[in-house]
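**Q** fold the stuff below for me.
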Amino acid sequence: MVLTLRVFIFFHISLSVFKGISQGPGCTQLSSPADGASNIPINIIFEWQPAERTTEYVLIAGTTFGGKEILNNIFVGNATQYILTEDLPAGQVIYVAIITMNPNGANGSCSQVQFTTQPSDGLPSCTAPISPEHDAQNVSITPNLTWQPVEDADGYLLTVGTTSGDPPLLNRADVGNVTSFNASNLAQNSTYYFSVIPYNTTGNAENCEVKSSFTTVETIEVTKLPCTELLTPENSTPTSGVTVELNWRGIIGAEGYLISIGTDSNPEEFLNRFDVGNVNTFEIAEELPPATKINVLIVPYNDTFEAENCSLFSFTTTESDMGISNILVPRFFTPNNDGVNDKWSVSSRTGLEVRNISVFNRYGTLLVQLSPSEEWDGSLNGNNLPSGSYWYSVKIANSSLVLRGYFLLKR
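**A** Residues are numbered from 1 along each chain as shown. Purely as a prediction, here's the structure:
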């Protein structure tokens with residue numbers, strides 16, 4: 001009799017527990033926009049399928065994983081759509097989660113959906129990281145970072161760093177028009193983040209704050225220091241010899257870098273194992289000879305190791321910056337509304353793609369920033385500027401070449 005009663009009590013309690021579980025709300029997720037969709041209108045209506053045993057839905061939306069700055073726990077009742085009261089930010093990755101509820105409780109474990117809104121003003125939209133997944137653990141120290149392609153992007157700027165506040169290993173490095181990058185030689189048992197900013201000829205995507213974080217595996221024995229890779233100037237590309245800035249991939253465990261710069265006939269003609277310290281950028285102080293192949297050797301080192309058998313990287317200096325400037329940059333303009341030379345602009349040519357254009361006065365104050373082929377009428381805030389010399393800075397895409405000089409505004 002006691003055993004029978006105990007069995008009955010156990011069966012009754014178990015039935016109550018499982019009955020409570022079965023009465024919890026089910027899951028749903030956003031069906032429109034679909035997960036991973038792009039070019040979504042900023043005034044889209046959110047829609048989802050009804051979830052089992054659900055009497056109320058709560059919406060959360062933001063521009064980061066788990067972000068709530070767009071919708072912060074908005075109760076929408078027992079509806080399966082939601083009309084936004086304000087437009088979504090343009091060109092952004094949006095994350096939306098739906099919490100289901102009924103009188104027995106809430107279910108916050110439903111999958112989050114992300115999509116990208118339409119860009120504005122010709123700029124590309126933001127992208128979203130794909131792998132490693134956000135907050136992934138035990139990731140290889142040589143992970144392949146991937147992100148979603150953006151239709152109107154000409155390339156991507158990649159940042160990779162740690163959460164410790166150290167300088168990033170890559171800081172907006174131009175990786176070209178690809179959607180993956182192999183990040184080599186990360187430290188074990190360390191947390192990293194990476195973010196990607198698309199760009200096109202109009203400019204960089206704006207407000208792309210999405211960062212994906214991951215943690216590498218714990219136990220990997222490092223027996224030697226690996227070599228690095230020159231990022232800019234790109235290997236075997238033409239480059240201005242006036243102002244050359246070298247950028248290379250940071251190496252975990254390196255305490256500095258030894259740089260040699262020279263030619264085929266004299267490998268150390270300009271620098272011979274020059275210690276630049278623990279940085280990953282260096283501007284060559286002297287002007288390099290024009291139309292010359294320049295070789296660069298970068299050797300990471302620390303107290304224990306010096307990288308061995310590192311490869312040479314090379315670029316070829318152009319004939320003359322002045323010659324390129326004469327091709328691309330107008331030397332004067334006369335904004336007097338006579339229909340001749342009334343506007344000043346800089347446009348791309350075959351083999352010379354213009355990225356960014358800045359105009360300064362003689363004191364170095366930035367007056368205006370222009371897109372390629374955008375025309376300037378010689379005014380500032382609606383007021384005509386006086387006749388005189390004005391200075392320009394023009395960045396050439398896919399190279400370290402920056403054209404600098406002056407032009408004449410004559411009224």
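**Q** I'd say Asn204 and Tyr156 touch.
**A** No - counting by CB atoms under 8 Å, Asn204 does not reach Tyr156; the two are 9.9 Å apart. Placement of C-beta: from N, CA and C, glycine included.
**Q** so the two - more neighbours on which side?
**A** Tyr156 (25 against 18; other CB atoms under 10 Å).
**Q** using the three-state scheme, assign the more buried one.
**A** Of the three states, Tyr156 takes strand under DSSP: H, G, I helix; E, B strand; the rest coil.
**Q** roughly how far does it sit from Ser195?
**A** Note on Tyr156: its distance to Ser195, by CB to CB, to the nearest Å, is 10 Å.
**Q** please apply the same query to Phe315.
**A** 28 Å.
**Q** which one of these two has more residues nearby?
**A** Phe315 (26 against 21).
**Q** other SSEs contacting the helix or strand harbouring the more buried one?
**A** Using DSSP states H and E, Phe315 sits within strand 313-317. Applying 3 or more CB pairs under 8 Å, 6 or more residues apart in numbering; DSSP states H and E, we find strand 313-317 packed against strand 237-239, strand 293-301.
**Q** can we see that at 10 Å?
**A** strand 230-232, strand 237-239, strand 245-248, strand 293-301 (3 or more CB pairs under 10 Å, 6 or more residues apart in numbering; DSSP states H and E).
**Q** now for Tyr156 and Ser195: what residues contact both?
**A** Thr127, Trp147, Arg172 (CB atoms under 10 Å, 6 or more residues apart in numbering).
**Q** go through these and name the one nearest Asp338.
**A** Arg172 (43.0 Å; CB to CB).
**Q** could you double-check that that closest one lies in contact with Thr159?
**A** Yes - the pair Arg172 / Thr159 is scored as a contact, 5.7 Å apart, by CB atoms under 10 Å.
**Q** returning to what we had before: comparing the helices and strands packed on strand 313-317, which yields the minimum mean pLDDT?
**A** Lowest mean pLDDT of those: strand 237-239, a mean of 62.
**Q** shared neighbours of Asn204 and Tyr156, anything?
**A** Pro124, Arg172, Ile197, Pro198.
**Q** so which of the residues you listed are in strands?
**A** Among the shared contacts of Asn204 and Tyr156, the ones falling in strands (DSSP state E) are Arg172, Ile197, Pro198.
**Q** among those residues, who's most crowded?
**A** Going by other CB under 10 Å, Pro198 tops those with 26 neighbours.
**Q** by mean pLDDT, flag the weakest helix or strand of this structure.
**A** Counting by mean pLDDT, DSSP states H and E, the chain has its least confident helix or strand at helix 2-22, which shows a mean of 34.
**Q** what bridges to Ser260?
**A** Beta-bridge pairing for Ser260 (DSSP bridges): Leu297.
**Q** which residues touch it?
**A** By CB under 10 Å, 6+ apart, the neighbours of Ser260 are 267-274, 295-299, 312.
**Q** check Glu255 too.
**A** Counted by CB under 10 Å, 6+ apart, Glu255 has contacts Leu225, Gly277, Asn278, Pro300, Tyr301, Asn302, Asp303, Thr304, Phe305.
**Q** in CSV, list those along with distance to Glu353 and neighbour count.
**A** Formatted as CSV, the contacts of Glu255 follow (distance: CB to CB, whole Å; neighbours: other CB atoms under 10 Å):
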residue, distance to Glu353, neighbour count
Leu225, 37, 22
Gly277, 33, 8
Asn278, 33, 16
Pro300, 32, 26
Tyr301, 37, 19
Asn302, 39, 14
Asp303, 44, 5
Thr304, 44, 10
Phe305, 40, 16
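**Q** picking up where we left off before, got a quick PyMOL command for the buried subset of the contacts of Ser260?
**A** Entered in PyMOL, the line below selects the buried ones among those, by 16 or more other CB atoms under 10 Å:
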select buried, resi 269+270+271+295+296+297+298+299
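**Q** just the contacts of Ser260 now: which is nearest Thr191?
**A** Among the contacts of Ser260, and counting by CB to CB, the member closest to Thr191 is Ile298, at 26.8 Å.
**Q** which residues are in contact with each of Arg172 and Thr159?
**A** What both Arg172 and Thr159 touch, as defined by CB under 10 Å, 6+ apart, is the set Ser195, Val196, Ile197.
**Q** tell me the one among the residues you listed nearest to Gln92.
**A** Nearest member of the shared contacts of Arg172 and Thr159 to Gln92, counting by CB to CB, is Ile197, at 12.1 Å.
**Q** check contacts around the closest one.
**A** 124, 126-127, 153, 155-159, 172, 204-210.
**Q** run the last query once more with 6 Å
**A** Taking CB atoms under 6 Å, 6 or more residues apart in numbering, we find Ile197 in contact with Leu157, Asn204, Ala205, Cys208.
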